[in-house]
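*Asks:* just need the structure, nothing else, for what follows:
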Amino acid sequence: MADDVLAQLRQYRAMVIYRGQSARECLDLTALLREEGLGLFEVTLNSDEPFAAIRALREEYGDELALGAGTVMTADDVSRAADAGARFVVSPHVDEAVIAKAQDLGIGTVPGAFTPTEVVRAIRLGADVVKVFPISPVGADHVRQLKGPLPDVPMLATGGVGPDLARACLAEGCTGVGVGVQLLGAPGDPDAVRAGARRLVDAVG
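*Replies:* Model (predicted):
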């Protein structure tokens, strides 16, 4: 299963991030976003009822849904996320204990890094993908600078990513991008979210 996150990122190129949504909202948004061609999702653990949301999504879609947990800070978080049905974990930092626990459980790891030193440490600890975070303050040129000496590291750019920045990061060599659902449109406005999803799919296609 640990290889799945990289394969899924290569397939979809964009991961939708739920932060602050309830389980019901995640279910409703996922149904809509899947209709628009998005299929890779992350529920952050600082959301409302995150484990319930992950469990509900896994029960609704089974193994056909590419689903992970985000803002994973501890080994205990990894265990609880895996129990709920997450197939990978995403963190804002590089944490050896988090990566080791995910490896023990056979799920993917996407630790966050910003500098070359952090990126290399993440890979040496066994990360499947490195989350380049935060990307919006520095832009896609930061990806280009990292990719110069580290061309083979699969990278996921996140942090304030909209369609234009997504397109630019992919052009500079990112394997994929993470996009907060709020950046697609107000979560309570299905038409706005659908329109934003179409713009994102067009940007990463």
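*Asks:* and the next element down the chain from the helix or strand Asp83 falls within?
*Replies:* Assigned by DSSP states H and E, Asp83 belongs to helix 75-84. Using DSSP H and E, the helix or strand that directly follows helix 75-84 along the chain is strand 88-90.
*Asks:* in its sheet, what does the strand or helix carrying Leu156 sit against?
*Replies:* Taking DSSP H and E as the definition, one finds Leu156 inside strand 155-157. Strand 155-157 has the following strand partners under DSSP bridges: strand 130-132 (parallel), strand 176-180 (parallel).
*Asks:* how about the ones you listed, which one is nearest Val161?
*Replies:* strand 176-180 (5.0 Å; Cβ to Cβ). The way it works is simple: take the backbone N, C-alpha and C, and place the C-beta from them, glycine included.
*Asks:* so which residues of this protein form strands?
*Replies:* In the chain, the strands defined using DSSP state E lie at 14-18, 40-44, 66-70, 88-90, 108-110, 112-113, 130-132, 155-157, 176-180.
*Asks:* as JSON lines, the ones you listed with distance to Val193 would be great.
*Replies:* Below are these laid out as JSON lines (distance: least, Cβ to Cβ, whole Å):
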{"stretch": "strand 14-18", "distance to Val193": "10"}
{"stretch": "strand 40-44", "distance to Val193": "13"}
{"stretch": "strand 66-70", "distance to Val193": "18"}
{"stretch": "strand 88-90", "distance to Val193": "21"}
{"stretch": "strand 108-110", "distance to Val193": "24"}
{"stretch": "strand 112-113", "distance to Val193": "25"}
{"stretch": "strand 130-132", "distance to Val193": "23"}
{"stretch": "strand 155-157", "distance to Val193": "21"}
{"stretch": "strand 176-180", "distance to Val193": "11"}
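*Asks:* save those strands as TSV, and put in mean neighbour count and mean pLDDT too.
*Replies:* Formatted as TSV, these follow (neighbours: other Cβ atoms under 10 Å; pLDDT from 0 to 100):
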stretch	mean neighbour count	mean pLDDT
strand 14-18	26	98
strand 40-44	26	99
strand 66-70	26	98
strand 88-90	29	99
strand 108-110	28	98
strand 112-113	24	99
strand 130-132	28	99
strand 155-157	28	99
strand 176-180	26	98
